[in-house]
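Undergrad: Provided below are the primary sequence and the corresponding predicted coordinates.
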Amino acid sequence: MDVNEIQKFLLIIENKLQENWNKFSSNISIHLITAYHMGWVGEDLTPLANIRRGKRLRPLFCVLVNQTLGGFLDDALEIGSAIEFLHNFSLVHDDIQDRDEKRHGRWTVWKIWGEAQAINVGDLLFNMVFQVLTNLKSPVLLSKSLKELTETIRELIEGQYLDISFEKRKDISLKEYLMMIDKKTAKLFSTSFYLGAFSATYKEDLSKIFQEIGRDFGLFFQIADDAIGIWGDPEKTGKNAFVDLWRKKKTYPILYLYSESSEKEKLRIEEIWGREIVTEKDIEYLLDHLERKRVKEATFNLAEKYFDEGYKKLLSFQDLYNISLLRKLFEDYYNLIFSLQRS
């Protein structure tokens, strides 16, 4: 990958996010709390020397698709900003609902300022999505962006509803789980790719193909993340060992394990799900059971399947466009995911 090119776009994206935040913020301190969540200020709400931001992967894909297809960069930056603010709205509310206390190594908004104010912070980020879109000069692109992003919002909420509902259920099928992550995770990626393409070409058929590529990447991204939540190396991920097992998260590997278990084994898994506190013995049982059922192999195979589908569609454009940055971002992210495994 041309790291300098990617870093250049990430810097441009970060500057555009801060520019839009400045444009649509007031002197009410809640705006500084949104800046805390975005990684720009510390707990004392003063600027950080080293920004603690997320990966900005969604706006990055939006911008790279737009530039690959010869689009106008400013349009992609505005749309990418809106997408990133939408993503962060969902994270703030998700942290409240999941009771997550840390994100990117820092206390979450609700943990510092309380749930009520965290809801307000999430709502403010949500509002910023639409304020940013008013920067678009093309009525056609504004209309298309509103249509796609409002549909994405609906699916994000549906996905979060399903995810929370799964916490109290034992009979979750793999098909249901894949539908949930399609809505909660993959949809935002597919929208990033779609609007990146449409903002460059205004061609629906071409944009739909890139939408499919984004969906494939999003499914790969989530299933691989599920795998890393169990088999990731703590020294590389910065997370506790077997974090998803300790938290009793019903991710793809655990649901696959449950689907492959006998009735007696299912009862044992259900007992663990029902405990207030998971024990070392429970973790040992799950790890042994996961190994015997070859769940790690099945999970990474499915992640690879989605990656390969998206990657092949992307390569179909290599004779028409210079897809080198997109291709290398795909490849490097694939390599990163597999490098995070416990040896």
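TA: Received it, and whenever you're ready, just let me know what you need.
Undergrad: Surely Glu14 and Ile51 touch.
TA: Yes. In this structure, Glu14 is within contact of Ile51 by C-beta atoms under 8 Å, at 7.3 Å. Every C-beta, even on glycine, is put in place using the N, C-alpha and C of the backbone.
Undergrad: and the two? which has more neighbours close in?
TA: Between Glu14 and Ile51, counting by other C-beta atoms under 10 Å, Glu14 is the more crowded of the two (19 against 12).
Undergrad: what residues are up against that one?
TA: Ile51, Arg53, Arg56 (C-beta atoms under 8 Å, 6 or more residues apart in numbering).
Undergrad: Can you classify the second one by secondary structure?
TA: Following DSSP: H, G, I helix; E, B strand; the rest coil, Arg53 is assigned to coil.
Undergrad: So it versus His37, what's the distance?
TA: Arg53 sits 10 Å away from His37, going by C-beta to C-beta, to the nearest Å.
Undergrad: Tell me which of those two has more neighbours.
TA: His37 (25 against 18).
Undergrad: Packing partners of the one helix or strand Ala116 maps to?
TA: For Ala116, the element it lies in under DSSP states H and E is helix 115-133. Packing partners of helix 115-133 (3 or more C-beta pairs under 8 Å, 6 or more residues apart in numbering; DSSP states H and E): helix 3-23, helix 30-38, helix 73-98, helix 109-113, helix 139-166.
Undergrad: Okay, buried residues for the third one please.
TA: What that stands for is helix 73-98. By neighbour count on 16 or more other C-beta atoms under 10 Å, the buried set for helix 73-98 is 73, 75-96.
Undergrad: With stretch 171-184 instead?
TA: Residues of stretch 171-184 classed as buried: Ile172, Tyr177, Leu178, Met180, Ile181, Asp182, Lys183, Lys184 (neighbour count, 16+ other C-beta under 10 Å).
Undergrad: Among those, which lie within helices?
TA: Counting by DSSP state H, the buried residues of stretch 171-184 place Tyr177, Leu178, Met180, Ile181 in helices.
Undergrad: Could you dump those residues into JSON lines and include pLDDT and distance to Ile272?
TA: Converted to JSON lines, these look like this (pLDDT from 0 to 100; distance: C-beta to C-beta, whole Å):
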{"residue": "Tyr177", "pLDDT": "97", "distance to Ile272": "18"}
{"residue": "Leu178", "pLDDT": "98", "distance to Ile272": "23"}
{"residue": "Met180", "pLDDT": "98", "distance to Ile272": "21"}
{"residue": "Ile181", "pLDDT": "98", "distance to Ile272": "22"}
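Undergrad: From the residues you listed, pick the one nearest Glu280.
TA: Tyr177 (26.9 Å; C-beta to C-beta).
Undergrad: Would you check how far apart the spatially most central residue of the chain and Phe220 are?
TA: With distances taken as C-alpha atoms, centre = their mean, the residue of the chain nearest its centroid is Thr185 (5.3 Å). Using C-beta to C-beta, one gets 10 Å for the distance from Thr185 to Phe220.
Undergrad: swap in Gly71?
TA: Gly71 is 25 Å from Phe220, by C-beta to C-beta.
Undergrad: swap in Phe85?
TA: 24 Å.
Undergrad: quick one, what contacts the nearest residue to Leu255 once chain neighbours are set aside?
TA: Nearest residue to Leu255, sequence neighbours excluded (C-beta to C-beta, 6 or more residues apart in numbering): Tyr177, at 5.3 Å. By C-beta under 8 Å, 6+ apart, Tyr177 lies in contact with Phe166, Lys250, Tyr252, Leu255.
Undergrad: Counting neighbours, what do you get for Ser259?
TA: Neighbours of Ser259 under the rule other C-beta under 10 Å: 14.
Undergrad: Isn't it up against Leu174?
TA: Yes. Ser259 lies in contact with Leu174 (C-beta under 8 Å); the separation is 6.0 Å.
Undergrad: Lowest-scoring secondary structure element of this structure by mean pLDDT?
TA: Lowest mean confidence among the helices and strands of the chain (mean pLDDT, DSSP states H and E): helix 234-237, at a mean of 81.
Undergrad: any idea how far that one is from the chain center?
TA: Mean C-alpha position of helix 234-237 versus that of the full chain (C-alpha atoms, centre = their mean, to the nearest Å) differs by 19 Å.
Undergrad: which residues sit against the helix or strand that that helix is followed by?
TA: Remark: after helix 234-237, the chain's next helix or strand is helix 243-246, criterion DSSP H and E. With contact meaning C-beta under 8 Å, 6+ apart, helix 243-246 is reached by 226, 229-230, 232, 240, 251, 253-254, 278, 282-283, 286-287.
Undergrad: can you rerun that using 7 Å?
TA: Gly229, Ile230, Asn240, Thr251, Val278, Ile283, Leu286 (C-beta atoms under 7 Å, 6 or more residues apart in numbering).
Undergrad: Show the average pLDDT along it.
TA: What helix 243-246 shows for mean pLDDT is 90.
Undergrad: That helix: which residues count as buried?
TA: Result for helix 243-246 [16+ other C-beta under 10 Å]: buried residues Asp244, Leu245, Trp246.
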